[in-house]
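Participant: turn this into a model:
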Amino acid sequence: MDSKELILQRSNEAKEIFLPNLSADPVIFGFDQNQLKVLLLKMSYRHQWFLPGGYVKKDEDLDDAVVRILKERAGVNAVSYLEEFGVFGKKNRSEDYFEDFDETLFYKQRFITIGYYALYNPSKIDLTVDEYSESCEWIYLSELSHIEMAMDHKEIVEKALLTLREKISIKPIGLNLLPEKFTLSELRKLYEAILGKDLNRGNFYRKIKKLGILEKLDEQRKGGAHKSPDLYSFNKEIYNKALENGLISW
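Facilitator: Purely as a prediction, here's the structure:
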């Protein structure tokens, strides 16, 4: 069955299962080689890149739908932090992609989509490819200008990044992006990748330690050419309280 036939077949099923006119598009950020990545699917139909989004079942809460969609479309399990950040509803945002189909296609309706973002360590996700896609990959944000993204999904990624930059001043970042043990330099590079600018090393270290979310370990990172740096981990209790209540200072 080719991709167009599959879409036609699934359309009739979708009309019975999903709410009309409402979808969800999660932006999954990862961090690797000191750069931010985003999880994307390359669709078999028209070979464009998509966020791993989907539709909301008629008997399903929206947040539960996003968790299900991520598992079904990309193999993402155990969603520990997921936050809604925007609504996207320009006319024809989704209809034009399906211009080869007639108006009865479920997917060719006008869809208002809810944007979510989540943070993950790419090494902890065993990616899978769903029946609509030819690949599921982590793409560096720096490479997005060189690929063709469908609909308004590039705009959604850009809005998610802006939201992440705003949140970083009031919420802790890093628990789901860094390994369990990390150096202060690695944490600083994560913040720099998110903010898109260099940070003063001394000021950053003083501020991040003042927050109380780090625990210094009796271990060092081995193998470098210079002095072995100390390793840290997050105090998860304090970190989670900061997620709920915001940081006291930054």
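
Participant: ok, residue 222 touching residue 229?
Facilitator: No. At 9.8 Å, residue 222 and residue 229 do not qualify as touching, with contact defined as CB atoms under 8 Å. No exception for glycine: its C-beta is placed from N, CA and C like everyone else's.

Participant: so for these two, which sits in the more crowded spot?
Facilitator: With neighbours defined as other CB atoms under 10 Å, residue 222 and residue 229 compare such that residue 229 has more, 15 against 8.

Participant: any idea of the pLDDT on that one?
Facilitator: Residue 229 is assigned 88 on the pLDDT scale.

Participant: same deal with residue 245?
Facilitator: Per-residue pLDDT puts residue 245 at 74.

Participant: quick check: it vs residue 53, distance?
Facilitator: Distance of residue 245 to residue 53, given as CB to CB, to the nearest Å: 31 Å.

Participant: who has more neighbours, these two?
Facilitator: The neighbour comparison of residue 245 against residue 53 (other CB under 10 Å) goes to residue 53, with 23 against 10.

Participant: contact partners for the more buried one?
Facilitator: Taking CB atoms under 8 Å, 6 or more residues apart in numbering, we find residue 53 in contact with 23-26, 69, 73, 113.

Participant: ok, now residue 157?
Facilitator: Contacts of residue 157 (CB under 8 Å, 6+ apart): 27, 38, 51, 141, 144, 149.

Participant: of these - the most surrounded one?
Facilitator: Using other CB under 10 Å as the neighbour test, those are led by residue 51, with 29 neighbours.

Participant: my read is that that residue contacts residue 24, right?
Facilitator: No. Here residue 51 does not reach residue 24: they are 9.4 Å apart, not a contact under CB under 8 Å.

Participant: who touches residue 239 in this structure?
Facilitator: Residue 239 neighbours (CB under 8 Å, 6+ apart): 172, 175, 213.

Participant: chain neighbours aside, what residue packs nearest to the first one?
Facilitator: For residue 172, ignoring the flanking residues on the chain, the nearest one in space by CB to CB, 6 or more residues apart in numbering is residue 242 at 4.8 Å.

Participant: need the pLDDT of that neighbour.
Facilitator: Model confidence at residue 242, given as pLDDT, is 79.

Participant: tabulate the contacts of residue 157 (TSV), appending secondary structure and distance to residue 165.
Facilitator: Shown next, in TSV, are those (DSSP: H, G, I helix; E, B strand; the rest coil; distance: CB to CB, whole Å):
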residue	secondary structure	distance to residue 165
27	strand	13
38	strand	14
51	coil	19
141	helix	12
144	helix	16
149	strand	20
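
Participant: which two among those are spaced furthest apart?
Facilitator: Maximum pairwise distance among the contacts of residue 157 (CB to CB): 13.3 Å, between 51 and 141.

Participant: how far is stretch 146-165 from where the chain is centred?
Facilitator: With CA atoms, centre = their mean, to the nearest Å as the basis, stretch 146-165 stands 10 Å off its chain's centre.

Participant: would you mark the buried spots in that stretch?
Facilitator: By neighbour count with 16 or more other CB atoms under 10 Å, stretch 146-165 contains the buried residues 149-154, 156-157, 159-161, 163-164.

Participant: let's see which of those residues end up in strands.
Facilitator: If you go by DSSP state E, those have nothing in strands.

Participant: any idea which residue sits dead centre in this protein?
Facilitator: For the chain, the residue nearest the mean C-alpha position is residue 28 (1.2 Å; CA atoms, centre = their mean).
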